[in-house]
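Visitor: next comes the sequence, and after it the predicted model I'd like to discuss.
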Amino acid sequence: MPFIKGQSGNPSGKRKDGKPRKQHPARVLATAKAKEMLSILIDAARRGDTKAAQIVLEHGVGKPNQAQTLTGSDGGPVTVTWLPPQP
């Protein structure tokens, strides 16, 4: 899409009056009930619910880094070939 002078490239972007846009009802509900939902998850984790414990830990501490190894088709290193740009 070509640039058109005087027309916004982000028409639904930040409002000029600085007021926030209306939030999605699910986000409003989740924000209002966040403490209650967190309390329920923590209680479930304490009772032994491993999925609840995983959610609490991943969102509170962060997911652990996962090491990944990339190898070529023969198990050796991956070969990268840079091609010149096409005219």
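Guide: That came through fine.
Visitor: for the rest of this, base every contact and every neighbour count on C-alpha atoms.
Guide: OK.
Visitor: against Ala34, how distant is Arg27?
Guide: 10 Å (C-alpha to C-alpha, to the nearest Å).
Visitor: so who does Pro87 touch?
Guide: By C-alpha atoms under 8 Å, 6 or more residues apart in numbering, Pro87 lies in contact with nothing.
Visitor: where does pLDDT dip in the chain?
Guide: Within the chain, the stretches with pLDDT under 70 are 1.
Visitor: quickly find the element holding the spatially most central residue of it.
Guide: For the chain, the residue nearest the mean C-alpha position is His59 (11.5 Å; C-alpha atoms, centre = their mean). Taking DSSP states H and E as the criterion, His59 maps to helix 50-60.
Visitor: helices or strands next to that helix in the packing?
Guide: If contacts are counted by 3 or more C-alpha pairs under 8 Å, 6 or more residues apart in numbering; DSSP states H and E, helix 50-60 sits against helix 34-46.
Visitor: got the angle between the helix it packs on and helix 50-60?
Guide: With axes from the mean of the first three to the mean of the last three C-alpha atoms, to 10 degrees applied, the angle from helix 34-46 to helix 50-60 works out at 130 degrees.
Visitor: need the CA coordinates for the helix holding His59. PDB is fine.
Guide: Extracted in PDB, the C-alpha atoms of helix 50-60 (Å, rounded to 0.1, in the frame of the first residue of the first chain):
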ATOM      1  CA  THR A  50       0.300 -29.100  39.500                       C
ATOM      2  CA  LYS A  51      -1.200 -27.200  36.500                       C
ATOM      3  CA  ALA A  52      -2.200 -24.300  38.900                       C
ATOM      4  CA  ALA A  53       1.300 -24.300  40.300                       C
ATOM      5  CA  GLN A  54       2.800 -24.200  36.800                       C
ATOM      6  CA  ILE A  55       0.600 -21.200  35.900                       C
ATOM      7  CA  VAL A  56       1.500 -19.300  39.100                       C
ATOM      8  CA  LEU A  57       5.200 -20.000  38.600                       C
ATOM      9  CA  GLU A  58       5.300 -19.200  34.900                       C
ATOM     10  CA  HIS A  59       3.500 -15.900  35.300                       C
ATOM     11  CA  GLY A  60       5.200 -14.900  38.500                       C
END
